[in-house]
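>>> next one to model:
(one chain, ligands or ions: 1)
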Amino acid sequence: MRSKLLVYKGKDANLNHIKNKTIAILGYGSQGRAQALNLRDSGLKVIIGLPKKSKKRKIVKNDGFEVFSTEDATKKADILSFLAPDHLHQQIFETQIKKNLKKGQAIIFAHAFSVHFKLVQPPEYVDVILVAPHGPGELLRKNFLQGSGLTSFFAIFQDYSKNAKKIGLAYAKGAGLIKPGMIKTTFEDEAIGDIFGEQAVLCGGLSELIKNGFETLVEDRISPENAYLECVYQLDLIVNLIKSYGISGMYKRVSKLAEYGSYLSGKRVINKDQMRKILKEIKAGKFTQRFLKEFQTGAKNYKNKKRSYQKHLLERTGERMRRRVG
Ligand SMILES: NC(=O)c1ccc[n+]([C@@H]2O[C@H](COP(=O)([O-])OP(=O)(O)OC[C@H]3O[C@@H](n4cnc5c(N)ncnc54)[C@H](OP(=O)(O)O)[C@@H]3O)[C@@H](O)[C@H]2O)c1
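Below you'll find the model as predicted:
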């Protein structure tokens with residue numbers, strides 16, 4: 001049976017639960033910087049943990065935070081927010097965090113990946129909480145400054161202090177991750193759902209859909225500019241219609257020609273068997289093994305794939321078109 005959707009709002013959280021605590025933000029990238037700035041603006045005490053050689057240390061100092069090594073930040077904090085890259089979590093946790101943990105600390109993750117797949121196995125004497133933002137840090141900060149924030153997922157993996165919920169909700173409030181609505185989930189569902197969604201639909205599926213549509217038109221001698229306008233330019237309009245009115249609401253607002261043709265052809269370009277296979281591989285941990293191996297062995301395939309997208313005609317056309325038509 002499906003459980004009822006539980007949505008937390010700002011009124012469910014109280015900053016007083018963490019007002020006198022020190023929060024160490026480990027990592028100062030997309031999420032780290034945004035969450036650190038938001039938490040400080042919410043009146044909370046924030047320090048930053050980064051490797052000694054990190055180029056981000058200069059930005060941290062310009063932003064007015066104290067910065068420590070990851071080991072020292074771990075020792076000084078009551079709450080750790082682990083915002084380093086996922087593929088490094090295991091190594092960072094084992095070598096820099098684990099031996100410096102104290103009884104009763106809370107560790108907050110922004111993605112359940114490393115805990116669910118047991119790359120990080122925290123000791124039983126800490127709280128383990130998930131506050132997973134639905135969007136990049138830049139957007140989180142921008143929305144926070146405008147008085148809102150981003151939606152997020154919330155879950156508790158381990159509640160040693162018996163206060164994990166209060167601590168996690170207060171952290172989310174301070175970071176700007178509860179106001180529009182925070183959805184309760186589990187570490188397992190967030191890890192699997194997020195990885196599948198980004199690979200099969202949001203990032204991987206969508207990029208390949210766009211690229212292949214563009215290539216098909218260009219190979220048939222339609223100009224790259226036209227192909228860009230047909231396959232990319234109106235994407236945000238369609239997505240916004242779907243988000244505002246649903247798929248059927250979107251179809252009500254496009255032409256009958258577009259609607260009827262879409263019913264015929266949409267299904268032909270999607271392979272649901274492959275989607276099921278991808279989900280199975282993710283659940284079985286096969287993707288995780290592959291991901292870690294790739295980055296432990298120089299990330300050659302990853303870099304090649306990245307380069308092939310960067311060099312694609314679609315990207316050069318996009319750059320030109322953004323200058324001309326926005
Ligand atoms: N970006 C998003 O849109 C998004 C959305 C939801 C959830 N998340 C989750 O948020 C977490 C952080 O992702 P991100 O995108 O913010 O990462 P990111 O932009 O790649 O930044 C990672 C930061 O971690 C630092 N770092 C590297 N090694 C470290 C260490 N040993 N100790 C402390 N910091 C270290 C990096 O320093 P250097 O700059 O010196 O390398 C960098 O500042 C991940 O779990 C991710 O899944 C991200």
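
>>> up against the ligand, what does the stretch 51-200 of the chain have?
51, 54-56, 70, 83-86, 88, 92, 96, 110-111, 132-133, 136-137 (C-beta under 6 Å from any ligand atom). Every C-beta, even on glycine, is put in place using the N, C-alpha and C of the backbone.

>>> what subset of the residues you listed is buried?
54, 56, 70, 83-84, 86, 92, 96, 110-111, 132-133, 137 (16 or more other C-beta atoms under 10 Å).

>>> for whatever residue of the chain ends up closest to the ligand, what are its contacts?
The chain approaches the ligand most closely through Gly29 (1.8 Å), counting by C-beta to the nearest ligand atom. Neighbouring residues of Gly29 by C-beta atoms under 8 Å, 6 or more residues apart in numbering: Lys56, Leu83, Pro85, Gly137.

>>> if you set the cut-off to 7 Å instead, what comes out?
Leu83 (C-beta atoms under 7 Å, 6 or more residues apart in numbering).

>>> distance of it from Asp189?
Distance of Gly29 to Asp189, given as C-beta to C-beta, to the nearest Å: 25 Å.

>>> before we move on, back to that, quick check, nearest of the buried ones among the residues of the stretch 51-200 of the chain next to the ligand to Leu150?
Using C-beta to C-beta, Pro133 comes nearest to Leu150 of these, at 5.1 Å.

>>> you'd agree that closest one is up against Leu140?
Yes. Using C-beta atoms under 7 Å, Pro133 makes contact with Leu140 at a distance of 5.8 Å.

>>> can you show me the helices along the stretch 101-250 of the chain?
Applying DSSP state H, counting those that start in this stretch to the stretch 101-250 of the chain gives helices spanning 113-116, 137-145, 164-175, 187-196, 204-219, 224-228, 235-253.

>>> could you export the ones you listed to JSON lines, including columns for distance to Lys293?
Below are the helices of the stretch 101-250 of the chain laid out as JSON lines (distance: least, C-beta to C-beta, whole Å):
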{"stretch": "helix 113-116", "distance to Lys293": "15"}
{"stretch": "helix 137-145", "distance to Lys293": "28"}
{"stretch": "helix 164-175", "distance to Lys293": "32"}
{"stretch": "helix 187-196", "distance to Lys293": "16"}
{"stretch": "helix 204-219", "distance to Lys293": "19"}
{"stretch": "helix 224-228", "distance to Lys293": "36"}
{"stretch": "helix 235-253", "distance to Lys293": "33"}
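
>>> can I get those helices in JSON lines with mean pLDDT?
Shown next, in JSON lines, are the helices of the stretch 101-250 of the chain (pLDDT from 0 to 100):
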{"stretch": "helix 113-116", "mean pLDDT": "98"}
{"stretch": "helix 137-145", "mean pLDDT": "98"}
{"stretch": "helix 164-175", "mean pLDDT": "98"}
{"stretch": "helix 187-196", "mean pLDDT": "98"}
{"stretch": "helix 204-219", "mean pLDDT": "98"}
{"stretch": "helix 224-228", "mean pLDDT": "98"}
{"stretch": "helix 235-253", "mean pLDDT": "98"}
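
>>> and those helices: which comes nearest Ile25?
Short answer: helix 164-175, nearest of these by C-beta to C-beta, at 9.5 Å.

>>> for that closest one, packing partners?
For helix 164-175, the elements it packs on are helix 30-41, strand 106-109, strand 127-133, strand 152-158, judged by 3 or more C-beta pairs under 7 Å, 6 or more residues apart in numbering; DSSP states H and E.

>>> just to revisit the earlier point, what's the residue of the chain closest to the ligand sitting at in phi/psi?
Backbone torsions for Gly29, taken as degrees, to the nearest 10, come to phi -100, psi -140.

>>> ok, now Gln96?
With angles defined as degrees, to the nearest 10, Gln96 sits at phi -120, psi -20.

>>> Phe68 is in contact with that one, correct?
No. Checked against C-beta under 7 Å, the pair Gln96 and Phe68 is beyond contact range at 11.2 Å.

>>> helix or strand: which one has the residue lying closest to Lys102 once chain neighbours are set aside?
Leaving aside its sequence neighbours, Lys102 sits nearest to Lys75 (C-beta to C-beta, 6 or more residues apart in numbering; 7.6 Å). Element membership for Lys75 (DSSP states H and E) is helix 70-76.

>>> ok, then the element right after that helix?
strand 79-82.

>>> can you give the strand pairings for that next one, parallel or anti for each?
strand 22-26 (parallel), strand 106-109 (parallel) (DSSP bridges).

>>> restricting to C-alpha, output it in CSV.
Coordinates of each C-alpha in strand 79-82 appear next as CSV, following Å, rounded to 0.1, in the frame of the first residue of the first chain:
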residue,chain,number,x,y,z
ILE,A,79,26.4,19.2,12.7
LEU,A,80,28.3,18.1,9.6
SER,A,81,26.8,18.7,6.1
PHE,A,82,28.7,16.5,3.7
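
>>> nothing else from me, thank you.
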